[in-house]
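>>> Got a sequence here, can you build the structure:
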Amino acid sequence: MFSTQDEWNTGYAEGSRYRRLSDSERSLLAAHAPAPAGGRALDVGCGVGELAAHLAVLGYTVDAVDWSEAALADAGAHHGEAARWLRLDVESDDWAPLADGYDLITLRFVAPFLTSRDRTLHALGHRLRPGGALVVITPLAADTPAERRGIALDEDELTALQARWSTSERHNTEGLAFLILRGPGTDEAPLQGSPPPGRRSAEQPARHRESRCCRVHVVAAA
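Residues are numbered from 1 along each chain as shown. Okay, here's the model as predicted:
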(Lines give C-alpha, C1' and ligand atoms only; values in the text may rest on other atoms or scores of the structure.)
Protein backbone atom coordinates (compact mmCIF):
# COMPACT_ATOMS: atom_id res chain seq x y z
CA MET A 1 0.00 0.00 0.00
CA PHE A 2 1.13 3.55 -0.67
CA SER A 3 1.07 6.15 2.10
CA THR A 4 3.04 9.18 0.92
CA GLN A 5 2.78 11.49 -2.05
CA ASP A 6 6.11 10.25 -3.39
CA GLU A 7 4.96 6.63 -3.17
CA TRP A 8 1.75 7.48 -5.01
CA ASN A 9 3.64 9.36 -7.70
CA THR A 10 5.99 6.42 -8.15
CA GLY A 11 3.11 3.95 -8.16
CA TYR A 12 1.20 5.85 -10.82
CA ALA A 13 4.35 6.30 -12.89
CA GLU A 14 4.94 2.55 -12.74
CA GLY A 15 1.37 1.77 -13.81
CA SER A 16 -0.49 1.18 -10.54
CA ARG A 17 -4.21 1.81 -10.98
CA TYR A 18 -7.52 1.40 -9.19
CA ARG A 19 -10.13 -0.88 -10.73
CA ARG A 20 -11.77 0.53 -13.84
CA LEU A 21 -15.10 2.32 -13.67
CA SER A 22 -17.71 -0.40 -14.16
CA ASP A 23 -20.82 -0.37 -16.31
CA SER A 24 -22.96 -0.61 -13.17
CA GLU A 25 -21.29 2.49 -11.71
CA ARG A 26 -21.88 4.34 -14.97
CA SER A 27 -25.53 3.30 -14.94
CA LEU A 28 -26.01 4.43 -11.34
CA LEU A 29 -24.46 7.81 -12.10
CA ALA A 30 -26.69 8.28 -15.12
CA ALA A 31 -29.80 7.30 -13.16
CA HIS A 32 -29.17 9.21 -9.93
CA ALA A 33 -26.90 12.11 -10.89
CA PRO A 34 -27.84 13.30 -14.39
CA ALA A 35 -26.27 16.59 -15.38
CA PRO A 36 -28.60 19.60 -15.19
CA ALA A 37 -28.25 22.45 -17.66
CA GLY A 38 -25.00 24.20 -16.87
CA GLY A 39 -24.09 21.48 -14.37
CA ARG A 40 -20.73 21.54 -12.61
CA ALA A 41 -19.04 18.52 -11.01
CA LEU A 42 -16.05 18.06 -8.73
CA ASP A 43 -14.19 14.73 -8.69
CA VAL A 44 -12.11 14.48 -5.51
CA GLY A 45 -9.15 12.10 -5.73
CA CYS A 46 -9.48 11.80 -9.49
CA GLY A 47 -6.40 9.66 -10.09
CA VAL A 48 -5.82 9.19 -13.82
CA GLY A 49 -9.14 10.81 -14.66
CA GLU A 50 -11.46 8.03 -15.83
CA LEU A 51 -14.42 9.10 -13.68
CA ALA A 52 -13.86 12.80 -14.34
CA ALA A 53 -13.83 12.18 -18.09
CA HIS A 54 -17.04 10.16 -17.80
CA LEU A 55 -18.71 13.02 -15.90
CA ALA A 56 -17.79 15.30 -18.79
CA VAL A 57 -19.46 12.86 -21.18
CA LEU A 58 -22.59 13.05 -19.01
CA GLY A 59 -22.66 16.80 -19.63
CA TYR A 60 -20.90 18.27 -16.60
CA THR A 61 -18.22 20.93 -16.56
CA VAL A 62 -15.68 19.14 -14.38
CA ASP A 63 -13.02 20.10 -11.87
CA ALA A 64 -10.84 17.11 -10.97
CA VAL A 65 -8.35 17.12 -8.10
CA ASP A 66 -5.66 14.80 -6.78
CA TRP A 67 -2.37 15.12 -4.93
CA SER A 68 -0.34 12.98 -7.33
CA GLU A 69 1.39 14.95 -10.06
CA ALA A 70 2.00 11.71 -11.97
CA ALA A 71 -1.70 10.83 -11.91
CA LEU A 72 -2.73 14.29 -13.06
CA ALA A 73 -0.16 14.24 -15.86
CA ASP A 74 -1.59 10.91 -17.05
CA ALA A 75 -5.15 12.26 -16.76
CA GLY A 76 -4.30 15.30 -18.84
CA ALA A 77 -2.47 13.23 -21.45
CA HIS A 78 -5.32 10.76 -21.91
CA HIS A 79 -8.38 12.93 -21.33
CA GLY A 80 -7.17 16.37 -22.39
CA GLU A 81 -9.65 19.13 -21.65
CA ALA A 82 -12.37 16.84 -20.32
CA ALA A 83 -11.73 18.44 -16.93
CA ARG A 84 -9.78 21.16 -15.21
CA TRP A 85 -7.01 19.12 -13.57
CA LEU A 86 -5.92 20.54 -10.20
CA ARG A 87 -3.36 19.41 -7.66
CA LEU A 88 -4.77 20.02 -4.18
CA ASP A 89 -5.20 18.34 -0.79
CA VAL A 90 -8.82 18.85 0.20
CA GLU A 91 -7.97 18.26 3.85
CA SER A 92 -5.31 20.94 4.22
CA ASP A 93 -4.99 23.18 1.16
CA ASP A 94 -6.85 26.36 0.35
CA TRP A 95 -9.96 25.71 -1.73
CA ALA A 96 -9.63 28.98 -3.63
CA PRO A 97 -8.98 27.19 -6.98
CA LEU A 98 -12.36 25.43 -6.74
CA ALA A 99 -15.70 26.74 -7.96
CA ASP A 100 -18.14 28.23 -5.46
CA GLY A 101 -20.77 25.57 -6.10
CA TYR A 102 -21.23 22.14 -7.68
CA ASP A 103 -24.24 20.06 -8.69
CA LEU A 104 -22.29 16.85 -8.13
CA ILE A 105 -19.25 15.97 -6.02
CA THR A 106 -17.78 12.48 -6.37
CA LEU A 107 -15.35 10.60 -4.15
CA ARG A 108 -14.48 7.21 -5.63
CA PHE A 109 -12.16 5.06 -3.50
CA VAL A 110 -11.36 8.14 -1.42
CA ALA A 111 -13.47 8.25 1.77
CA PRO A 112 -11.53 5.53 3.67
CA PHE A 113 -8.31 7.55 3.33
CA LEU A 114 -9.59 10.87 4.66
CA THR A 115 -8.03 11.58 8.05
CA SER A 116 -10.91 13.92 8.97
CA ARG A 117 -13.71 12.21 7.08
CA ASP A 118 -16.73 13.81 8.81
CA ARG A 119 -15.40 17.33 8.63
CA THR A 120 -14.18 17.05 5.04
CA LEU A 121 -17.41 15.54 3.71
CA HIS A 122 -19.41 18.12 5.66
CA ALA A 123 -17.41 20.95 4.08
CA LEU A 124 -17.73 19.42 0.62
CA GLY A 125 -21.46 19.09 1.15
CA HIS A 126 -21.73 22.82 1.72
CA ARG A 127 -20.16 23.36 -1.71
CA LEU A 128 -23.20 21.71 -3.29
CA ARG A 129 -25.75 23.80 -5.13
CA PRO A 130 -29.41 23.37 -4.13
CA GLY A 131 -30.50 19.88 -5.10
CA GLY A 132 -26.91 18.75 -5.61
CA ALA A 133 -25.56 15.37 -4.58
CA LEU A 134 -22.37 14.03 -3.08
CA VAL A 135 -21.63 10.51 -4.35
CA VAL A 136 -19.31 8.25 -2.36
CA ILE A 137 -18.14 5.03 -4.00
CA THR A 138 -16.14 2.76 -1.73
CA PRO A 139 -15.18 -0.89 -1.35
CA LEU A 140 -17.12 -2.81 1.28
CA ALA A 141 -15.00 -4.12 4.15
CA ALA A 142 -16.91 -7.39 4.16
CA ASP A 143 -15.80 -8.06 0.58
CA THR A 144 -12.23 -6.82 1.01
CA PRO A 145 -9.25 -9.01 2.02
CA ALA A 146 -8.05 -8.36 5.57
CA GLU A 147 -4.67 -7.10 4.41
CA ARG A 148 -6.44 -4.39 2.36
CA ARG A 149 -9.01 -3.44 5.00
CA GLY A 150 -7.78 0.15 5.02
CA ILE A 151 -9.16 0.82 1.52
CA ALA A 152 -12.75 -0.02 2.54
CA LEU A 153 -15.55 1.06 4.89
CA ASP A 154 -17.50 -1.29 7.14
CA GLU A 155 -21.22 -1.18 7.91
CA ASP A 156 -20.81 0.94 11.04
CA GLU A 157 -18.71 3.48 9.16
CA LEU A 158 -21.20 3.63 6.31
CA THR A 159 -24.13 4.05 8.69
CA ALA A 160 -22.37 6.89 10.54
CA LEU A 161 -21.50 8.58 7.27
CA GLN A 162 -25.05 8.43 5.95
CA ALA A 163 -26.55 9.65 9.24
CA ARG A 164 -25.05 13.13 8.74
CA TRP A 165 -27.15 13.82 5.61
CA SER A 166 -30.80 14.75 5.22
CA THR A 167 -31.34 12.08 2.59
CA SER A 168 -29.19 9.15 1.57
CA GLU A 169 -29.58 6.31 -0.84
CA ARG A 170 -27.34 3.25 -1.04
CA HIS A 171 -26.75 0.73 -3.77
CA ASN A 172 -24.38 -2.23 -3.53
CA THR A 173 -22.64 -3.29 -6.72
CA GLU A 174 -19.74 -5.64 -7.33
CA GLY A 175 -18.30 -5.32 -3.82
CA LEU A 176 -18.79 -1.56 -3.70
CA ALA A 177 -21.15 0.71 -1.79
CA PHE A 178 -22.54 3.51 -3.97
CA LEU A 179 -23.96 6.28 -1.78
CA ILE A 180 -25.99 9.26 -3.02
CA LEU A 181 -26.05 11.91 -0.27
CA ARG A 182 -28.04 15.13 -0.25
CA GLY A 183 -28.54 17.87 2.33
CA PRO A 184 -25.52 17.95 4.66
CA GLY A 185 -26.23 18.49 8.32
CA THR A 186 -25.85 21.98 9.79
CA ASP A 187 -24.59 21.15 13.28
CA GLU A 188 -20.80 21.05 13.24
CA ALA A 189 -20.42 20.40 16.97
CA PRO A 190 -20.22 16.59 16.76
CA LEU A 191 -17.79 16.64 13.84
CA GLN A 192 -14.42 15.05 14.53
CA GLY A 193 -11.07 15.96 13.03
CA SER A 194 -8.85 18.83 12.07
CA PRO A 195 -9.83 22.41 11.12
CA PRO A 196 -12.02 22.95 8.03
CA PRO A 197 -10.26 22.80 4.65
CA GLY A 198 -8.52 25.98 3.67
CA ARG A 199 -7.50 26.84 7.24
CA ARG A 200 -4.40 25.24 8.71
CA SER A 201 -3.65 25.20 12.41
CA ALA A 202 -0.19 25.41 13.89
CA GLU A 203 -0.33 21.66 14.43
CA GLN A 204 -1.22 21.02 10.77
CA PRO A 205 1.72 22.03 8.55
CA ALA A 206 1.39 22.52 4.82
CA ARG A 207 3.45 19.42 4.01
CA HIS A 208 1.62 16.40 2.72
CA ARG A 209 0.43 14.01 5.39
CA GLU A 210 0.58 10.25 5.28
CA SER A 211 -2.73 8.47 4.80
CA ARG A 212 -3.78 5.30 6.55
CA CYS A 213 -2.90 3.35 3.49
CA CYS A 214 -3.51 4.77 0.10
CA ARG A 215 -4.27 7.92 -1.73
CA VAL A 216 -5.36 10.79 0.48
CA HIS A 217 -7.03 12.84 -2.10
CA VAL A 218 -5.27 15.87 -2.82
CA VAL A 219 -5.99 18.63 -5.14
CA ALA A 220 -3.96 21.54 -4.58
CA ALA A 221 -2.06 24.13 -6.38
CA ALA A 222 1.57 23.76 -5.46
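>>> which residues in this structure form helices?
5-13, 23-32, 50-58, 69-79, 117-125, 155-163 (DSSP state H).
>>> biggest strand in this protein by residues?
If you go by DSSP state E, the chain has its longest strand at strand 128-139.
>>> Now do the buried residues in that strand.
128-129, 132-139 (16 or more other Cβ atoms under 10 Å). For glycine as for every other residue, the C-beta is placed from the backbone atoms N, C-alpha and C.
>>> So which other helices or strands are in contact with that strand?
On a contact count with 3 or more Cβ pairs under 8 Å, 6 or more residues apart in numbering; DSSP states H and E, strand 128-139 meets helix 23-32, strand 102-108, helix 117-125, strand 176-184.
>>> among the ones you listed, which is nearest Ala146?
With Cβ to Cβ as the measure, strand 176-184 is the member of the helices and strands packed on strand 128-139 nearest Ala146 (18.0 Å).
>>> Need the contact partners of that closest one.
With Cβ atoms under 8 Å, 6 or more residues apart in numbering as the contact definition, strand 176-184 has outside contacts at 25, 28, 32-33, 121-122, 125-126, 128, 131-140, 153, 158, 161-162, 164-172.
>>> what pairs with it, and is each one parallel or antiparallel?
strand 128-139 (antiparallel), strand 165-173 (antiparallel) (DSSP bridges).
>>> Rebuild the ones you listed as TSV, extending it with mean pLDDT.
Output for those, formatted as TSV (pLDDT from 0 to 100):
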stretch	mean pLDDT
strand 128-139	97
strand 165-173	97
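>>> possible to save the ones you listed as TSV with distance to Asp89?
Shown next, in TSV, are those (distance: least, Cβ to Cβ, whole Å):
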stretch	distance to Asp89
strand 128-139	18
strand 165-173	24
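>>> Can you tell me which of the ones you listed is nearest to Ala37?
The nearest among those, by Cβ to Cβ, is strand 128-139 at 12.1 Å.
>>> Compute the inter-axis angle for that closest one and strand 102-108.
Strand 128-139 and strand 102-108 are oriented at 10 degrees to each other (axes from the mean of the first three to the mean of the last three Cα atoms, to 10 degrees).
>>> now strand 128-139, how far from the centre of its chain.
10 Å (Cα atoms, centre = their mean, to the nearest Å).
>>> and it with helix 117-125, angle?
Using the same axes, to 10 degrees: strand 128-139 against helix 117-125 is 140 degrees.
>>> Surely Ile151 is in contact with Pro112?
Yes - contact criterion Cβ atoms under 8 Å: Ile151 and Pro112 qualify, at 5.7 Å.
>>> So for those two, which sits in the more crowded spot?
The residue with more neighbours, out of Ile151 and Pro112, is Pro112; 24 against 19, by other Cβ atoms under 10 Å.
>>> returning to what we had before: who wins for proximity to Gly45 among the strands paired with strand 176-184?
Of all the strands paired with strand 176-184, strand 128-139 comes closest under Cβ to Cβ, at 10.5 Å.
>>> now His32: how far from Ala96?
For His32, the distance to Ala96 (Cβ to Cβ, to the nearest Å) stands at 30 Å.
>>> now do Asp66
Counting by Cβ to Cβ, the gap from Asp66 to Ala96 is 17 Å.
>>> who has more neighbours, the two?
Taking neighbours as other Cβ under 10 Å, Asp66 and Ala96 compare with Asp66 leading, 32 against 9.
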